[in-house]
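Q: Need coordinates for the below:
(chains A and B)
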Amino acid sequence: GENVEQHPSTLSVQEGDSAVIKCTYSDSASNYFPWYKQELGKRPQLIIDIRSNVGEKKDQRIAVTLNKTAKHFSLHITETQPEDSAVYFCAATPGGADGLTFGKGTHLIIQP
Amino acid sequence: KAGVTQTPRYLIKTRGQQVTLSCSPISGHRSVSWYQQTPGQGLQFLFEYFSETQRNKGNFPGRFSGRQFSNSRSEMNVSTLELGDSALYLCASSLLGSAEKLFFGSGTQLSVL
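A: Prediction:
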């Protein structure tokens, strides 16, 4: 089955700086890669996703890049703000009826 | 429109008991999936239902089961509870009938004593 590795487990950045979280996956059949944000005590929320036929996708301060050859995808957050503090999860799936396989999460801390 | 609703929010059970958790998806969403979240293992896929049929199941023992009703509401049942079943159980619904663009509920926090 699919295996997703996520790094780092904790990331502390100064407010206004950029943050990058990296994930690798094992199943070459995976074709959908979402990122979820979970604030303390709240539900995970989808912030951005990408399909395997696209190399990069942006949404305001958030971008995701995908390298299918290396089985690697990353989340980039620019101009970080205090409200970006949360745990971020990457995930992968081959689609269809298969569920998401999640990484273990990255705790992003924005220092004032 | 209303989001994904899970009840109850908290549950405390003892080993050996069974428990049933409920999930109401977003109106119009026919796919409901369940995930277990623990500090050690993170988020793990339990199963997915679409139009009352279980389409896939994760790597969990048979003590974990579920069902979906004709109105898309879903229930998850865990029998013969073990201490290791203590977790946050999250339900998610999807319009597209797959793992894409999942909307999660707030979860049911289950504590097994």
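Q: what is the mean pLDDT for stretch B:5-24?
A: Averaging pLDDT along stretch B:5-24 yields 98.
Q: Then stretch A:81-97?
A: Averaged over stretch A:81-97, pLDDT sits at 93.
Q: what separates it from the chain centre, distance-wise?
A: 5 Å (C-alpha atoms, centre = their mean, to the nearest Å).
Q: For residue A:1, see how far away residue B:111 is.
A: Applying C-beta to C-beta, to the nearest Å, the value for residue B:111 to residue A:1 is 29 Å. The way it works is simple: take the backbone N, C-alpha and C, and place the C-beta from them, glycine included.
Q: quick one, which of the two is more surrounded?
A: Using other C-beta atoms under 10 Å in any protein chain shown as the criterion, residue B:111 and residue A:1 rank with residue B:111 on top: 13 against 10.
Q: Can you mark which positions in the helix or strand bottoming out on mean pLDDT in chain B are buried?
A: In chain B, the helix or strand scored least confidently by mean pLDDT, DSSP states H and E is strand B:53-57, which has a mean of 92. Neighbour-count burial for strand B:53-57, counted by 16 or more other C-beta atoms under 10 Å in any protein chain shown, picks out B:55-57.
Q: Also stretch A:16-30?
A: Neighbour-count burial for stretch A:16-30 [16+ other C-beta under 10 Å]: A:19-25, A:27, A:30.
Q: can you tell me the average pLDDT over that stretch?
A: Across stretch A:16-30, the average pLDDT comes to 97.
Q: Break down chain A into its strands, ranges please.
A: Per DSSP state E, chain A carries strands over the ranges A:4-7, A:10-14, A:19-25, A:32-38, A:45-51, A:56-59, A:62-67, A:72-77, A:86-92, A:101-102, A:106-111.
Q: any idea of the angle the fourth one forms with strand A:72-77?
A: Here the directions of strand A:32-38 and strand A:72-77 differ by 40 degrees (axes from the mean of the first three to the mean of the last three C-alpha atoms, to 10 degrees).
Q: how many degrees apart are strand A:32-38 and strand A:106-111 in direction?
A: Note on geometry: by the same axes, to 10 degrees, strand A:32-38 and strand A:106-111 are set 50 degrees apart in direction.
Q: who in chain B is up against chain A?
A: Residues of chain B lying near chain A by C-beta under 8 Å from any C-beta of the partner chain: B:4, B:33, B:35, B:42-48, B:50, B:55-56, B:58-59, B:90, B:98-107.
Q: make it 7 Å
A: B:33, B:42-43, B:45, B:48, B:55-56, B:58, B:98-102, B:104-107 (C-beta under 7 Å from any C-beta of the partner chain).
Q: Can you flag which of those belong to strands?
A: Short answer: the residues of chain B next to chain A in strands (DSSP E) are B:33, B:42-43, B:45, B:48, B:55-56, B:104.
Q: follow-up on the earlier one: and the least confident helix or strand of chain B, how far from the chain's centre?
A: That offset, for strand B:53-57, works out to 13 Å (C-alpha atoms, centre = their mean).
Q: that older thread, if any of the residues of chain B next to chain A are buried, put those into a PyMOL selection.
A: Command for PyMOL that selects the buried part of the residues of chain B next to chain A, burial taken from 16+ other C-beta under 10 Å:
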select buried, chain B and resi 33+42+43+45+48+55+56+58+98+99+100+102+104+105+106+107
